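Enquirer: 3D model of this:
(chains A and B)
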Amino acid sequence: MKKILFALATTAAVIGFSAAASAADKAKICFVYVGSKTDGGWTQAHDIGRLELEKALADKIETQFLENVPEGPDAERAIERLARSGCGLIFTTSFGFMDATVKVAAKFPDVKFEHATGYKTAPNLATYNSRFYEGRYIQGQIAAKISQKGVAGYIASFPIPEVVMGINSFVTGARSINPDFKIKVVWANTWFDPGKEADAAKALIDQGVDVLTQHTDTTAPMQVAAERGIKAFGQASDMIKAGPETQLTAIVDTWGAYYIKRTQAFIDGKWETTSSWDGLKDGILTMAPYTNMPDDVKAMAEATQKKIESGELKPFTGPLKKQDGSEWLAAGVSSDDGTLLGMNFYVEGVDDKLPQ
Amino acid sequence: MRIELERRPDVSKLFSILSPFIALGLTLVFGGIMFMILGKDPLAALYSFFVEPLTEVWSLHELAIKAAPLILIAVGLSVCYCSNNWNIGAEGQFIMGAIAGSILPVVFYEWQSPLVLPLMMLLGMLGGALFAGIPAFLKAHLNTNEILTSLMLVYVAQLFLDWLVRGPWRNPGGMNFPETRTFDATAILPEMIASGRAHWGFAFAIIAAVLIWFMMRYTLKGFEITVLGQSERAGRFAGFSSRKMIWFSMLLSGALAGLAGIAEVSGAIQQLRPVISPGYGFTAIIVAFLGRLNPLGIVVAGLVLALTYLGGEAVQVSLQISDKPIRVFQGLLLFFVLSCDTLIHYKIRMMWYDLSDTASEGAR
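Expert: Predicted coordinates for the structure are as follows:
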């Protein structure tokens, strides 16, 4: 028994020393993931960003992560553990980590925190998000060109502003090409459930949609679309492997550049609280190659992407009406970010009742 | 071939006591081998897993937070299981307790008084008990299977909570996100001591465990529970009513699960969200059996299980490995504990059949 204790004590001491030594040399950048880092969607995109960061600043930093952290009180403990283990900058990569991050940030004023997709900040807590809706506007335009029936199917996750914003952007894009375009929405009430997502896809196709898009994380809808011979859009990662002849394009999350930029600022001592909401022009999201479509559609999609990148085109610009026919934006007026971030209404053309 | 478990006529007292330690030893050996195969220092891994979380004050607090709902629910379940009532739906009762208790801080948020907290706790117990009353009623009067009904009601509770936080109870100032308003300070279960986050939920758990232990050991009610659980017929001869026992055990376990729910929401989360439990109600079933359905054993089992979660995170951070080996390690621990217990009470007998025998049996 004594021997074991001694062994334990020495190991502990060795670990302690090595931790202290490396902490002095390198800044520790930490990540909290809500899913598994190989989920093929949301979390994997963040982990790819982490690996890019590690590669870019290899001599100055080391990274660490906790995966499959449930939202709620467990998240607070996980974040606190990272803060105590010597992390200088902590990225919490799920909306549900918001309040936990706020609480831990208040406790550790010397540690910097960045929370993805939330809206609460503090002197040592920044937020970051991506304008996914810009990509959805392009997808809407493509859908309007490709669809014979003028109806698209939309597999949505949860009725939060982020998702509603995506639906509205898709419809707005589509109606800029075909003013009668409609979409049907199915709420899967999950981010990650291949079975449910596939069922939703089948139901939508049975209702007569001939192009499919999704705001859930698995490739199941893409596979169903491939089986049924209709086109579809990928989500969070390039899903071309699931539908080589099906995927038109995909919104690909590319967090790496942002992580590198913020970490560099942190190392230089120039880190400040920001509420960053970058878009296509900053490279925080990119579009997977436009394929399986006629050349003129591809040219149109590329032109729209350029216009969005240059700031010439803002997806939510009037005249736009809400679903009930009342005016939302007058001609030429663009929506402010506050309205988008709290969006709880549909625009015209959505064939669904928003769950309230 | 068939494998049968046969009850041992004389169970060794010594090994009954040693069993958890043997299991722990086996887990350490096999877990160590696993970490070694992964190329990690097994001693460092085991240290991070079992010792590191116990060396710091903050992490002891976290241990108490994690263990409190497990112990509270499992203690209630032990009464159910001892009396042969199989309540699998503690997760749903936990959620309904949390919802009932949250009526005050969410709907009547302007009412601030020292009475709020005690009333919330009572409402939480009431909510959990009423929800457990449904399978109790169905079993006692319609003779349905409570395993099925209580389990199915879990989904009802989860979806009801989901609807509430997205619909009528949604925080008007919360940017349309699915959550209720955060509780007022008067509705938050205070921390027990100033050094960390642990709230009074842990105290509730210990008190409940001691009271139930006392009841089971020293009162007629405890005797009634045991008798009815072991033989309903014998219980009837003694004048005990198994129907009343269904009501008693289900309502009691429901109330304790409900208390766990409102204590968790009020003490640790401080608002309602679509998901408030990482499966406490189901994990508590494991805790109840790990603690051998003895309330004091359950306290230990709850702490051990909570330690495996904390230790799992510590290993992830200190050794940089994915959480998958940690899950395997937790599984190893449970596997060895349960199999050691089983093999001390039962012995394995291999039954060899002639193949033609089985065939003719099938033909019949």
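Enquirer: format the CA atom coordinates belonging to the helix or strand in which residue B:214 is found as CSV.
Expert: Using DSSP states H and E, the secondary-structure element containing residue B:214 is helix B:201-218. Extracted in CSV, the C-alpha atoms of helix B:201-218 (Å, rounded to 0.1, in the frame of the first residue of the first chain):
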residue,chain,number,x,y,z
GLY,B,201,-30.0,20.1,-1.8
PHE,B,202,-27.1,17.9,-0.5
ALA,B,203,-28.3,18.4,3.1
PHE,B,204,-31.8,17.4,2.0
ALA,B,205,-30.3,14.2,0.5
ILE,B,206,-28.5,13.3,3.7
ILE,B,207,-31.5,14.0,5.9
ALA,B,208,-33.8,12.0,3.6
ALA,B,209,-31.4,9.1,3.6
VAL,B,210,-31.1,9.0,7.4
LEU,B,211,-34.9,9.3,7.9
ILE,B,212,-35.7,6.5,5.4
TRP,B,213,-33.0,4.3,6.9
PHE,B,214,-34.6,4.8,10.3
MET,B,215,-38.0,4.1,8.9
MET,B,216,-36.9,0.9,7.2
ARG,B,217,-35.0,-0.4,10.2
TYR,B,218,-36.9,0.6,13.2
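Enquirer: just the buried residues of that helix, please?
Expert: For helix B:201-218, a neighbour-count test (16 or more other C-beta atoms under 10 Å in any protein chain shown) marks B:201-202, B:204-206, B:208-209, B:212-213, B:215-216 as buried. C-beta here means a position set from N, CA and C on the backbone, and glycine is covered the same way.
Enquirer: do stretch A:79-92 as well
Expert: Counting neighbours by 16+ other C-beta under 10 Å, stretch A:79-92 gives A:79-84, A:86-92 as buried.
Enquirer: can I get those in TSV with distance to residue B:274, pLDDT and secondary structure?
Expert: Listed next are the buried residues of stretch A:79-92 as TSV, based on distance: C-beta to C-beta, whole Å; pLDDT from 0 to 100; DSSP: H, G, I helix; E, B strand; the rest coil:
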residue	distance to residue B:274	pLDDT	secondary structure
A:79	20	95	helix
A:80	23	92	helix
A:81	25	91	helix
A:82	25	93	helix
A:83	26	94	helix
A:84	29	91	helix
A:86	33	90	coil
A:87	28	94	coil
A:88	32	94	coil
A:89	29	96	strand
A:90	24	97	strand
A:91	23	97	strand
A:92	18	96	strand
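Enquirer: nearest to chain B, of these?
Expert: The shortest gap between chain B and any of those belongs to residue A:81, at 5.7 Å (C-beta to the nearest C-beta).
Enquirer: check contacts around the closest one.
Expert: Taking C-beta atoms under 8 Å, 6 or more residues apart in numbering or on different chains as the contact definition, residue A:81 lies against A:66, B:59, B:313-314, B:317.
Enquirer: returning to that earlier point: closest one to residue B:35 out of the buried residues of stretch A:79-92, please.
Expert: When the buried residues of stretch A:79-92 are ranked by distance to residue B:35 (C-beta to C-beta), residue A:81 comes first, at 19.6 Å.
Enquirer: the closest residue to residue B:138 other than its chain neighbours in helix, strand or coil?
Expert: What sits nearest to residue B:138 in space, not counting adjacent residues and going by C-beta to C-beta, 6 or more residues apart in numbering or on different chains, is residue B:144, at 4.3 Å. Counting by DSSP: H, G, I helix; E, B strand; the rest coil, the backbone at residue B:144 sits in coil.
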